[in-house]
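Engineer: quick one, fold the following:
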Amino acid sequence: MISIQKTTSDNPDFKHLTRLFDEYLVDIDGDEKDFFAQFNQIYLDYVIVYYENEIAIGCGAFKEYEPKVAEIKRMFVLPEQRGKGIAVSILKELEIWAKASGYQYTMLETSVRLESAIALYKKSGYKVIPNYGQYIGVASSVCMKKSIK
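Structural biologist: As a prediction, this is how the structure comes out:
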């Protein structure tokens, strides 16, 4: 049975999944891991945990970047659960929640090395934009944005 829980970053299942995500990113980000980690150790009010048979297998979150713009954060699905459309479901739920919360756009940053994530976001209607905020000048980052009006 599939269920999706809206929660916060205090959720133990979210904490567990993001620890696994951080371990996964060590290989992806290499020497830049500490730079990126500083932006992920924040409290999040808008978190989704995706469950299959009461086991947490994926997550995602968003936070306000600026008025009317929500930044998608911490999108992760356990490697053995990928390819089932779980990330698409999480992303759609986050977008619906962000729109209901008054946001008109979602944006995100991902690694140029995460080709499957980039493909997922493009397929979901995200367009590549110039790197924003702390990602300006970071060659290993790809930033994307989507209208959810």
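
Engineer: which stretches of this structure have low pLDDT?
Structural biologist: 28-41 (pLDDT under 70).

Engineer: contacts only, for the closest residue to D10 other than its chain neighbours.
Structural biologist: Distance criterion CB to CB, 6 or more residues apart in numbering; nearest residue to D10, sequence neighbours excluded, is Y43 at 7.8 Å. Glycine gets a C-beta too; all of them are placed from N, C-alpha and C. Y43 makes contact with 8-10, according to CB atoms under 8 Å, 6 or more residues apart in numbering.

Engineer: do you know how far Y43 is from K15?
Structural biologist: 11 Å (CB to CB, to the nearest Å).

Engineer: same check on I96?
Structural biologist: From I96 to K15 the distance is 24 Å (CB to CB).

Engineer: these two: which is more packed in?
Structural biologist: K15 (14 against 11; other CB atoms under 10 Å).

Engineer: surely that one and S9 touch.
Structural biologist: Yes: if you go by CB atoms under 8 Å, K15 and S9 touch, sitting 7.3 Å apart.
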